[in-house]
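Colleague: quick check, what structure comes out for this input:
(chains A, B and C)
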Amino acid sequence: MPARASLASVSPPTKPAGRGDVALAAPDPRALLRWYDRHRRELPWRAAPGTRQDSYRVFLSEIMLQQTTVVTVRPYYAAFLARWPTVAALAAAKLEEVLSAWAGLGYYARARNLHACARAVADAHGGVFPDTEAGLLALPGIGPYTAAAIASIAHERRAAPVDGNWERVVARLFAVEEALPKARKRLRALAETLLPDARFGDFAQAMMDLGATVCTPRKPACILCPWRGSCVAQAQGNPEAYPVKAAKAARPTRRGVAFLAVRADGAVLVRSRPEKGLLGGMSEVPSTPWLEGEPADPAAHAPLAAPWQALNGTVGHVFSHFALELTVWRARVAAGTPAPAGHRWVKREGFEAEAFPSVMVKVLEYID
DNA sequence: CAAACGTGGGG
DNA sequence: TCCCCAAGTTT
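Modeller: Below you'll find the predicted structure:
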């Protein structure tokens, strides 16, 4: 257990208020582990106490949980595990299958990387995940956090998977004044001082549970915290002030027109988006470009000549860095209408196999 | 390194 | 309605 004094090099330069009078004990990792033993949450991807989880399951869950809530991930995790129980099974899947199964979960590069990673493990690692952070880090879609998570949880390596929970907990423990994202390096250094001498997987998950259930972004339950006697922010009385965050960029609005061509048999005209970029590789109804300011001329972008009818209302959708307002133009076309190059007709029964992102599901509600 | 990259739920 | 947030990675 490093003494407080040894943290000087990574501590914030400004002396936090409230530290002067009462000496705070250094946070003891064993106290958190004891708390975890009493309050550990049951989660589908979590192994029974005292056992290690299969690395593929840790991998699958960690990729899905990136920037995504537990509640949202649950059904996707169950579906993926049932359909592709092993890394070999996932590696054998077609990318399109993986993308359609991922549809609705967001950040679709994750699905592409998940698949590429499974193939890399199957092809270049004999079907076995690397058991070191460095080895894991070299795989597609696995960054510093996920490498440390798999290494600690599945392989019991000494590693600090510093996620948003860890950052919040550490920022409060040490009252870090520097704002995110610049504070990331400092927070990581402080986090590593907290690591125990054993039970690295449990400690990693304990930090996440603590952040998710006690040291929450708003109204943290400090009274229930095993580290309440070691927390500078709690001593200051303003835990919610941490972590400090930089101002966010404004979110502009882009507009466009989506063309909903409905054939007599109910089939809809669909195409696939480019593999890179927004909604990469996902299925979509053709549309004008999505632009800020002056909308593009719809007629110039219609996929085929038809009696287009502008529908009332718009489809609104919020992406991570812009909001989208889509006007829907719909046309009923004859049964024999051919699909233009790069497009295809998809019937209702075929929707399941398509990789429609949520924004397109909204557009497709205008079929009838 | 800042920006791109989704979505749904809660206050 | 609006803003924030959630087990980050890639370029």
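Colleague: interface residues of chain A facing DNA strand C?
Modeller: Selection of chain A residues close to DNA strand C by CB under 7 Å from any atom of the strand yields A:43, A:45-46, A:61-62, A:65-70, A:107, A:109, A:113, A:140-147, A:149, A:163-165, A:168, A:205, A:208-209, A:211-212, A:216-217, A:245, A:248. (Glycine included, C-beta is placed from N, CA and C.)
Colleague: residue in the stretch 1-150 of chain A nearest to DNA strand B?
Modeller: Nearest residue of the stretch 1-150 of chain A to DNA strand B, counting by CB to the nearest atom of the strand: A:Gly106, 2.7 Å away.
Colleague: neighbours of A:Leu32, how many?
Modeller: 22 (other CB atoms under 10 Å).
Colleague: confidence score at whatever residue of the stretch 51-200 of chain A ends up closest to DNA strand C?
Modeller: Per CB to the nearest atom of the strand, A:Gly143 is where the stretch 51-200 of chain A lies closest to DNA strand C, at 2.4 Å. pLDDT, A:Gly143: 98.
Colleague: and it, how far is that from A:Asn113?
Modeller: 10 Å (CB to CB, to the nearest Å).
Colleague: show me what the helix ranked longest in chain A is packed against.
Modeller: Looking across chain A with DSSP state H, the single longest helix is helix A:109-124. Helix A:109-124 sits against helix A:55-64, helix A:87-92, helix A:95-102, with contacts defined as 3 or more CB pairs under 8 Å, 6 or more residues apart in numbering; DSSP states H and E.
Colleague: show residues contacting stretch A:122-136.
Modeller: A:55-56, A:59, A:87-88, A:91-92, A:121, A:138-139, A:142, A:146-148, A:150-151, A:154-155, A:157, A:159 (CB atoms under 8 Å, 6 or more residues apart in numbering).
Colleague: what is A:Arg263 paired to in the beta sheet?
Modeller: With DSSP bridges as the criterion, A:Arg263 is bridged to A:Val333.
Colleague: any idea how far it is from A:Val257?
Modeller: From A:Arg263 to A:Val257 the distance is 20 Å (CB to CB).
Colleague: what do you get for A:Ala149?
Modeller: A:Ala149 is 43 Å from A:Val257, by CB to CB.
Colleague: show me which of these two is the more surrounded one.
Modeller: A:Ala149 (28 against 23).
Colleague: and that one, which helix or strand is it part of?
Modeller: helix A:144-153 (DSSP states H and E).
Colleague: before we move on, what about A:Ala331?
Modeller: strand A:323-333.
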